[in-house]
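Q: Give me the fold of what follows.
(one chain, ligands or ions: 1)
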Amino acid sequence: MSTFTVVEEQGVAVVSIDQPGSPVNILTAAVKAEFESLLERLRAEKAVRAILLLSGKPDGFIAGADIEQFVALPNQAAAEALSRDGQATMDRVAAFPKPIIVAVHGACLGGGLELALACHYRLASNHPKTQLGLPEVQLGILPGAGGCQRLPRLIGVRAALDIILAGKSERAAKALKLGMVDELVPPSLLRSAAMAAALRLMESGVPRRPRRGGLAGLLLDGNPLGRALVYRMARKSVLAKTGGHYPAPLSALEAVRTGMERGLRAGLVDEHRRFGELAVSPVSRKLVQIFFATTALKKDDGVAPGTATPRPVRRLGVVGSGFMGSGIAGTAVSQAGVEVRLKDADLVRVGKGLKASVGILDGRLKRRRITRQEYERLSALLSGTADFSGFPRADLVIEAVFEELSVKRSVVADLEATVGERAIIATNTSTIPITDIAAGAHHPDRVLGMHFFSPVDRMPLLEVIPGAATSPDAIATAVQFGRRMGKTVIVVADRPGFWVNRILSPYLNEAGHLLTEGTPIEAIDRTMTRFGFPVGPIALLDEVGLDVAAKGGGVMHQAFGERLAPADVIGRMLADKRLGRKSGRGFYRYQDGKKAGVDAEVYRLLAISPSDRVSPQTIEQRLVYAMLNEAAMAAGEGVVRSPRDGDIGAIFGIGFPPFRGGPLRMIDDLGAAQVVSTLRALEAEFGPRFAPAASLVAMAEHGGRFYDDSGSRAA
Ligand code: T1G
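A: Below is the predicted model of the structure:
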């Protein structure tokens, strides 16, 4: 079966790309070979004077090179050859004697965009699904089919680096503005506009494109001295963002520089050499595993396939209009586009909540994620109430009231008396067992937990927690709806702390112990950001809120005993009315909402004299191994359904460094035996809280691993 079908109209060969049996078009070796022979045929055909490329998929152009294929490459030389071949194909497109016009609708990514860039004229549909980008560095590689060369030549070095180094995609309108595409048209006119362009180019050749970016473009992009400055700034910004843990963006920067300063040929050689290096690097392996794990999660409803009928959610009820409730309401409206009714005890609170929910839409409008019309349409979907009016029509209700078992139970009772009999009732809690909340319910089968992270619109993870009686239908409904809200969803067991807070708990406690011993706050946080976390544990406590952290810590202490006893730090901070960022006072100082450095008062308050006695290595080891051990223990108890869910939860929930693959992947990499022996040494020095998890000890004895894959598609 072939991927390309050709019809000829008025001297234009209209080539439709539709890879059979695949949801998206992917540039595999077979597709590439077929394309090359098609080009040869069309080159020879006298009647054909131009080529028009478009996708036969309803809403996708080309998703790039085949990620599975490059993961399977045996070595660097093979990876280099793959990139060189890709470049050669693109070169043949660029040098093709007849104009090649490309019409893009849907995702045009990686090798797909590199193909479009090699063509002679580009049109795009102005549809939200149309995205043009080079996501390669997110997979730990670089655009290896000429992208590092052609994009800067087309749109200037600054704009190109902005896309390549961040692995960004642009909407069609922005792509037009940047000069990545020549024309923007509504989807229904794409084919005819592209046909018209083909006929035009056939007669009058490829139009000249003016240099972009005005005077700054001339000064910075247009001469070597300006570009040297651009490279220097880009390098600095990459290092600040990646902490030097991710080699791909820096390498891509060098490939761009070589091409721009020493010519296209030199650039291409540098590009494929670097591609070869990166494609077999451990960091790329980890990032690709994360890509496959997240795509697999997109299809996983959290129950065995075929066992549930998820309920379509058209109307959502949210109880509690505080920070979480309004965040859930605003995110549901803006991402899922459903009707949302927000309830609180009185209309003043409801009004405040609705304002906060609309604030999320405001942000999306400002960042041009939605148009003014969409903004109007979506904000009209939000409404509020001080009683339960409207709730009988809800398909799903999420309560986000105060974290108190009795309060949550009475909300569930009220809801059971109000909502339709098939509606699902979810509770947003981080500390209370779902089974306890559902205990008094008439229909506990439809009650479950949805643990959102704060701020809801920005945090990518959602934990769905079935109680003892929750039905598969309810689970699948919550998972699917969470996905519609734009979340990566993992289903976790109803154990204290669920997954994310469970593994976070000993880590935050350990930071408290280190501080109590006199380790400076800066040293603790710096060590962990160097390890690759976005913020250190003490700064994280300030972000979470010390009252919230104290409550969570207390719950974990009670559930797991001495092992998870928090250090006596937070209580004293709270007594001094320090709640963290939200109160403007925590371990750090805050000025105008910005973190302003460690508050030296804290040491006095805690009666600590800071000293550098503990080395960064020990700080790192104590914090990281506390988390690894807990992750192994919780995984052993079945808190997550698979190591994949555990690692994705840690990465998306607390920013565990993606290049390390997650805590369970990290244990596999270190080897269980080594982890156990380090934990034993820590136990000897710092006490029984470091006693290795039984599951780890068993793995160490049998040489077991969490994953049984060899590093390609995540288990
Ligand atoms: N390679 C292999 N499989 C891919 C793929 C790819 N590039 N893109 C998608 N898939 C699979 C995916 O795993 C899933 O498989 C199915 O397609 C549907 O995807 C030389 C080297 C395009 C926005 O990084 O971002 O080009 O699970 O569920 O939500 O420089 O897929 O069904 O078996 O995600 O509609 C760069 C990755 C490659 C794009 C569609 N390209 N893909 O989202 O569907 S490197 C990317 C996406 C490269 C060159 C370099 C998204 C999508 P299965 P899906 P979706």
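
Q: For the rest of this, base every contact and every neighbour count on C-alpha atoms.
A: Fine.

Q: can you list the residues of the stretch 251-400 of the chain near the ligand?
A: Phe292, Thr295, Ala296 (Cα under 6 Å from any ligand atom).

Q: Around Ala559, how many other residues sit close by?
A: Using other Cα atoms under 10 Å, Ala559 has 14 other residues around it.

Q: Which helix or strand in the chain has the lowest average pLDDT?
A: One helix or strand of the chain scores below all others by mean pLDDT, DSSP states H and E: helix 214-216, with a mean of 78.

Q: Residue ranges in the chain under the pLDDT threshold?
A: 710-715 (pLDDT under 70).

Q: Quick check: residues of it near the ligand?
A: Neighbours of the ligand within the chain, by Cα under 6 Å from any ligand atom: 23-24, 26, 63-68, 107, 109-111, 135-136, 143-145, 292, 295-296.

Q: Give me the PyMOL select line for the residues you listed, limited to the buried ones.
A: Command for PyMOL that selects the buried part of the residues of the chain next to the ligand, burial taken from 16 or more other Cα atoms under 10 Å:
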select buried, resi 24+26+63+64+65+67+107+109+110+111+135+136+143+144+145+292
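
Q: Please give me every residue in contact with the one residue in the stretch 301-450 of the chain that gets nearest to the ligand.
A: When scored by Cα to the nearest ligand atom, the stretch 301-450 of the chain has Asp301 as its residue closest to the ligand, at 13.5 Å. Counting by Cα atoms under 8 Å, 6 or more residues apart in numbering, Asp301 makes contact with Ile475, Ala476, Val479, Gln480.

Q: at 10 Å what do you get?
A: Contacts for Asp301 (Cα atoms under 10 Å, 6 or more residues apart in numbering) come out as 308, 310, 472-473, 475-480, 483, 489-491.

Q: which residues sit against the least confident helix or strand of the chain?
A: Under the contact criterion Cα under 10 Å, 6+ apart, helix 214-216 has outside partners Asp221, Gly222, Gly226.

Q: Just those: which are in helices?
A: The helices, defined by DSSP state H, take in Gly226 from these.

Q: of all the contacts of helix 214-216, which comes closest to Ala400?
A: Asp221 (51.1 Å; Cα to Cα).

Q: measure the closest one to Lys174 for me?
A: Distance of Asp221 to Lys174, given as Cα to Cα, to the nearest Å: 19 Å.

Q: Please apply the same query to Pro305.
A: Taking Cα to Cα, one finds Pro305 at 40 Å from Lys174.

Q: ok, the two, which is more surrounded?
A: Neighbour count, other Cα under 10 Å: between Pro305 and Lys174, Lys174 has more, with 15 against 9.

Q: Report all helices and strands that the helix or strand hosting the more buried one contacts.
A: Assigned by DSSP states H and E, Lys174 belongs to helix 172-178. Packing contacts for helix 172-178, counted by 3 or more Cα pairs under 10 Å, 6 or more residues apart in numbering; DSSP states H and E, involve strand 121-125, strand 131-133, helix 147-155, strand 169-171, strand 183-185.

Q: Return the most buried member of these.
A: For the helices and strands packed on helix 172-178, ranked by mean neighbour count under the definition mean count of other Cα atoms under 10 Å, the leader is strand 131-133 at a mean of 28.

Q: Show me what that one is packed against.
A: Here strand 131-133 touches strand 60-62, strand 107-109, helix 111-118, strand 121-125, helix 157-164, strand 169-171, helix 172-178, going by 3+ Cα pairs under 10 Å, 6+ apart.

Q: for the stretch 551-700 of the chain, what spans make up the helices?
A: 570-575, 601-605, 616-636, 643-654, 663-670, 672-686, 694-702 (DSSP state H, counting those that start in this stretch).

Q: chain center to the first one, what's the gap?
A: Using Cα atoms, centre = their mean, to the nearest Å, we find the averaged C-alpha position of helix 570-575 to lie 34 Å away from the chain's own average C-alpha position.

Q: ditto for the longest one
A: In terms of Cα atoms, centre = their mean, the centre of helix 616-636 is found 24 Å from the chain centre.

Q: try the fourth one
A: On the basis of Cα atoms, centre = their mean, helix 643-654 sits 11 Å off its chain's mean C-alpha point.
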